[in-house]
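[1] Need coordinates for the below:
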Amino acid sequence: MTDGFRTERDSLGEVRVPAGAWYGAQTARAVANFPVSGRRLPATFVRAQAQIKRAAALANEAAGRLAPEVAAALVAAAEAVLRGEHDGQFVVDAFQAGAGTSQNMNLNEVLANLANVALGGERGTYDRVHPNDHANMAQSTNDTIHSAIHVAAALALRDDLLPALAELEAALAEKAVEFAGVVKPGRTHLQDAAPLRLGQEFGAWAAMMRQGRRRLESARDALRELCLGGTAVGTGLNADPRYQGRALAALSEATGEPFRPAADLFEAMQGMDAVVEVAGALRVVATSLRKIADDLRLLASGPRNGLGELRLPAVQPGSSIMPGKINPVLPEMLDMVCCHVMGLDAAVVTAAQMGQLELNVMMPIIALDLLEAVQVLAGGARAFARGCVTGIEADAKACRRGAERNLMTATALAPAIGYERAAELAREALARGLTVRELARERDLLPEAELDRLLDLERLTRNPSDSGAGEA
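    Got it, this is the predicted structure:
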């Protein structure tokens, strides 16, 4: 060991490895080979890998293929990785060798070195615990990286994104109740449309989040199906016949997720269809979030020269030059999140289409972009709920005034006076700057009581399918 480095050997020859590193020769080669982005696969992915390695050690011990003391040392090493004690040791660029071989060996080498030292050996000497023979026993990059994508995404959805969307849904639903009596103009094509209630708009947005969570839960179930045990191409070469069941049982117990074997290991290893299904559900959620953010930006536009129906919380100054300006920064943030997620979705789906024959070698970029999409959607939704939605206020007077001036209240008169006369009434009301009610009264089109009944805004905005919800 000289100059802060130690010398290790792999199948290609000698490699200099930093003396204090827990990784070894193959990782050092990958660091030298891929100085691309400086980005690493996220800790959530490394932890999913560690869960798989821990389960594999337990399964191999149970099968009698791994000595108990070696299995115990590997399990302890994996648990240390799960606790985040060695995050700085996972140093391979996210843009790396296809399928994630370098990523797999990075973890194998860390686990082997930790286990060797625990058993009285030294770093870089693999006499007792070898990265390939023991840490990678009954495994291949091809089945473990694929499975780690599923495990990491399933857990990230469960623990991060789904709770964030539930929080946002609850905040929107609370506003739907708060604004249930606020009547306002509807708009389609950005033009006047039949009136509705502000609470109904917020209720629709809450329903979008509820539906988005349902779609994600459905897609998440597909992630529970793993190709673990298929090893290189799906045949299970070098794995004990009992390995798959035992490894999945250990993994399920440790994570609290009911992971199950793929119905067809060859299909599961060749394709990334479950990931594409999840990406599609994420895209739907991003689409809904972007619609909500843009709607809020429109409804809060102003404060004096826009729609001005809503007031968003003033969380920071909006301009470096215009004093007193407040911008809708949290909806703008959410829009940016959604745009980013759409781009990540395109990368994930494109990479998923690039599988050839028995393997998709684009798995590292799939892992990076899928998990990033989950992370930023969760963070964006949570910040939006807490910093914006919970503090929204309605300008009920502006909403009511807009509803009274809404030309499309003429729609309510059409059954009584006919479509053509109602259309003529709307056009003349616009030309003369009158409300539909004022012009109908001037023309004496209907008895006053009938006019009041037909143009009653509360009646017009009642939702018959909602069992009275939205009543003033």
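
[2] Relative to Ala383, how far out is Glu404?
    Distance, Glu404 to Ala383, using CB to CB, to the nearest Å: 36 Å. Every residue, glycine included, has its C-beta placed from N, CA and C.

[3] try Thr390
    From Thr390 over to Ala383 the distance is 11 Å, taken as CB to CB.

[4] can you check Leu157 too?
    From Leu157 over to Ala383 the distance is 18 Å, taken as CB to CB.

[5] Among these two, which residue is more densely surrounded?
    Legend: neighbour count by other CB atoms under 10 Å for Leu157 and Ala383, higher for Leu157 (24 against 16).

[6] can I assume that one is in contact with Val374?
    Yes. The pair Leu157 / Val374 is scored as a contact, 6.1 Å apart, by CB atoms under 8 Å.

[7] which stretches of this structure form strands?
    Remark: strands assigned in the chain by DSSP state E are 5-10, 13-18, 183-188, 191-197, 225-226, 260-261, 310-311, 393-394.

[8] Please spell out which residues along the longest one are buried.
    In terms of neighbour count (16 or more other CB atoms under 10 Å), strand 191-197 has its buried residues at 192, 194-197.

[9] That one pairs with which strands?
    strand 183-188 (antiparallel) (DSSP bridges).

[10] Give me the contact list for the strand it pairs with.
    192-198, 201, 309, 399-400, 402-403, 405-406, 408, 457-458, 461, 472 (CB atoms under 8 Å, 6 or more residues apart in numbering).

[11] Now do stretch 241-254: distance to the chain's middle.
    Chain-centre distance of stretch 241-254: 27 Å, with CA atoms, centre = their mean, to the nearest Å.

[12] cool, stretch 337-345 as well?
    Distance, stretch centre to chain centre, for stretch 337-345: 10 Å (CA atoms, centre = their mean).

[13] Around Val329, how many other residues sit close by?
    By other CB under 10 Å, 17 other residues sit near Val329.

[14] doesn't Gln316 make contact with it?
    Yes. At 6.1 Å, Val329 and Gln316 qualify as touching, with contact defined as CB under 8 Å.

[15] What is the neighbour count of Gly13?
    Neighbour count of Gly13, defined by other CB under 10 Å: 8.

[16] returning to that earlier point: export the buried residues of strand 191-197 as a markdown table, with columns for pLDDT and distance to Ala78.
    Below are the buried residues of strand 191-197 laid out as a markdown table (pLDDT from 0 to 100; distance: CB to CB, whole Å):
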| residue | pLDDT | distance to Ala78 |
| --- | --- | --- |
| Asp192 | 95 | 63 |
| Ala194 | 96 | 60 |
| Pro195 | 97 | 61 |
| Leu196 | 97 | 55 |
| Arg197 | 98 | 55 |
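
[17] can you tell me which residues contact Arg65?
    137-138, 240.

[18] meant to ask about Ala403, not that
    Contact analysis of Ala403 by CB under 8 Å, 6+ apart lists 183-185, 195, 409, 457.

[19] Ok, Gly98 next?
    Here Gly98 is in contact with 361-364 (CB under 8 Å, 6+ apart).

[20] on that earlier part again, and which of the buried residues of strand 191-197 is nearest Leu289?
    Of all the buried residues of strand 191-197, Leu196 has the smallest distance to Leu289: 21.3 Å, by CB to CB.

[21] Can you tell me who that closest one pairs with across the strands?
    Counting by DSSP bridges, Leu196 forms beta bridges with Lys184.

[22] For Gln211, see how far away it is.
    Between Leu196 and Gln211 the computed distance is 20 Å (CB to CB).

[23] How far away from the center of its chain is stretch 80-97?
    Counting by CA atoms, centre = their mean, stretch 80-97 is centred 22 Å from the centre of its parent chain.

[24] Neighbours of the residue nearest to Glu122 when sequence neighbours are not counted, how many?
    The shortest distance from Glu122 to any non-neighbouring residue, by CB to CB, 6 or more residues apart in numbering, is to Asn116 (7.1 Å). Neighbour count of Asn116, defined by other CB under 10 Å: 24.

[25] same thing with Glu169?
    As a burial measure, Glu169 scores 22 neighbours (other CB under 10 Å).

[26] and if you look at Ala254?
    The burial count for Ala254: 18, using other CB under 10 Å.

[27] just to revisit the earlier point, mind picking the two most distant members of the contacts of Ala403?
    Lys184 and Thr409 (12.2 Å).

[28] shared neighbours, those two?
    Residues touching both Lys184 and Thr409 (CB under 8 Å, 6+ apart): 195, 403.

[29] ok so, going back, next step: the contacts of strand 183-188 restricted to helices.
    Using DSSP state H, 198, 201, 399-400, 402-403, 405, 457-458 are the members of those that sit in helices.

[30] Closest to Met342 out of those?
    The nearest member of the ones in helices among the contacts of strand 183-188 to Met342, counting by CB to CB, is Glu201 at 23.9 Å.

[31] Quick one, grab the pLDDT at the closest residue to the closest one other than its chain neighbours.
    Of all residues beyond its chain neighbours, the one nearest Glu201 is Asp295 (7.4 Å), with distances taken as CB to CB, 6+ apart. Asp295 carries a pLDDT value of 98.

[32] and if you look at Asp3?
    82.

[33] ok, it - contacts?
    Applying CB under 8 Å, 6+ apart, no residues contact Asp3.

[34] Hmm, Glu217 and Arg158 touching each other?
    No. Using CB under 8 Å, Arg158 is not in contact with Glu217; the gap is 9.1 Å.

[35] which one of the two has more residues nearby?
    In this view Arg158 and Glu217 are compared by other CB under 10 Å, and Arg158 has more residues nearby, 17 against 13.

[36] so how far is Ala281 from that one?
    Distance from Arg158 to Ala281, by CB to CB: 14 Å.

[37] same check, this time on Val182
    According to CB to CB, Val182 and Ala281 sit 32 Å apart.

[38] Ala263 too?
    Ala263 sits 21 Å away from Ala281, going by CB to CB.
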